[in-house]
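Novice: The sequence and its predicted three-dimensional model are supplied below.
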Protein chains: 2
Amino acid sequence: MLNQPANLDLMYQALADPTRRAMLERLTRGPASVSQLAEPFAMSLPAVVQHLQVLEGSGLVKTEKIGRVRTCTLDTTTMQQAEQWINDRRTAWGKRLDRLADFLGED
Amino acid sequence: MLNQPANLDLMYQALADPTRRAMLERLTRGPASVSQLAEPFAMSLPAVVQHLQVLEGSGLVKTEKIGRVRTCTLDTTTMQQAEQWINDRRTAWGKRLDRLADFLGED
DNA sequence: AAATAACTTAAGCATGAACTTTACCATTGA
DNA sequence: TCAATGGTAAAGTTCATGCTTAAGTTATTT
């Protein structure tokens, strides 16, 4: 039920790279193999796989290897945790501003 | 109206460090000076200021120096952008799963 | 005016991140 | 069976990150 702070590190770290965000974006349109994921990028396959490992390590992506092909899919429950953390802080600060506004008697 | 991808890099990068998230958390309880922000951490002041610069560079925090004291506050509009990006991807994938469920005739 | 408080600047260092190339397995299809 | 496909492993390079210490620079206070 609690946030695992270590996981938040990994999640936001994973989201900080534009290549990885593009890979996530691709996966919102459905599962993909490693080569399919790699195709849009001007980068070696091992580099793409390293990004993929970061995404998997953060829990944002799940993969499964069948035969010689590894298939990648989004894990939205982890995304939701990252989103939730921001939302909690943002709204906590929002409420504080509301209380301040009340105190100042604005409307 | 569009996402600035460069800013997302900086935002998520800023959120990836536990010290910086703790600083944000502190700021949800109201503005703070640099020394006040630094107080909970077993770290030199310059180190804290460097974290602060990352937060400011990402737009998550605004600061203003008055006299010799610099006061820091949250900027929630930027937080909302980070949150929005995740939400968009997560729900896009969610809808895809829904369509798949429809196709499979589940209920 | 001198001391202190609140930062700021600069430099250096150790670690990690984002690639690369090369070589190496496993499947699978001809 | 043997070549091609899809991915994995290892090692090296370069640049960024997260600190440190030491030495300023401005406000305030006394």
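Specialist: Yes, it's here. Note that the structure is predicted; figures quoted are calculated from it, not measured. Numbering: from 1, shown residues only, chains lettered A, B, ... in the order given.
Novice: For A:Arg70, what is the enclosing helix or strand?
Specialist: A:Arg70 is located in strand A:69-74, with elements delineated by DSSP states H and E.
Novice: Establish whether that strand and DNA strand D are in contact.
Specialist: Yes - applying CB under 7 Å from any atom of the strand, one finds strand A:69-74 touching DNA strand D at A:Val69, A:Arg70. In this view, the C-beta of every residue, glycine as well, is placed from N, C-alpha and C.
Novice: cool, and stretch A:23-43?
Specialist: Yes - interface with DNA strand D: stretch A:23-43 contributes A:Ser33, A:Val34, A:Ser35 (CB under 7 Å from any atom of the strand).
Novice: contacts with chain B among these, please.
Specialist: Restricting the residues of stretch A:23-43 next to DNA strand D to those touching chain B (CB under 8 Å from any CB of the partner chain) yields no residues.
Novice: I'd like the residues you listed as a markdown table, with neighbour count, secondary structure and pLDDT appended.
Specialist: Below are the residues of stretch A:23-43 next to DNA strand D laid out as a markdown table (neighbours: other CB atoms under 10 Å in any protein chain shown; DSSP: H, G, I helix; E, B strand; the rest coil; pLDDT from 0 to 100):
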| residue | neighbour count | secondary structure | pLDDT |
| --- | --- | --- | --- |
| A:Ser33 | 16 | strand | 98 |
| A:Val34 | 17 | helix | 98 |
| A:Ser35 | 11 | helix | 97 |
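Novice: So what's the residue count around A:Ser44?
Specialist: 10 (other CB atoms under 10 Å in any protein chain shown).
Novice: typo on my end, it should be A:Ala82
Specialist: Neighbour tally, A:Ala82, other CB under 10 Å: 27.
Novice: Am I right that it is in contact with A:Tyr12?
Specialist: Yes - contact criterion CB atoms under 8 Å: A:Ala82 and A:Tyr12 qualify, at 6.6 Å.
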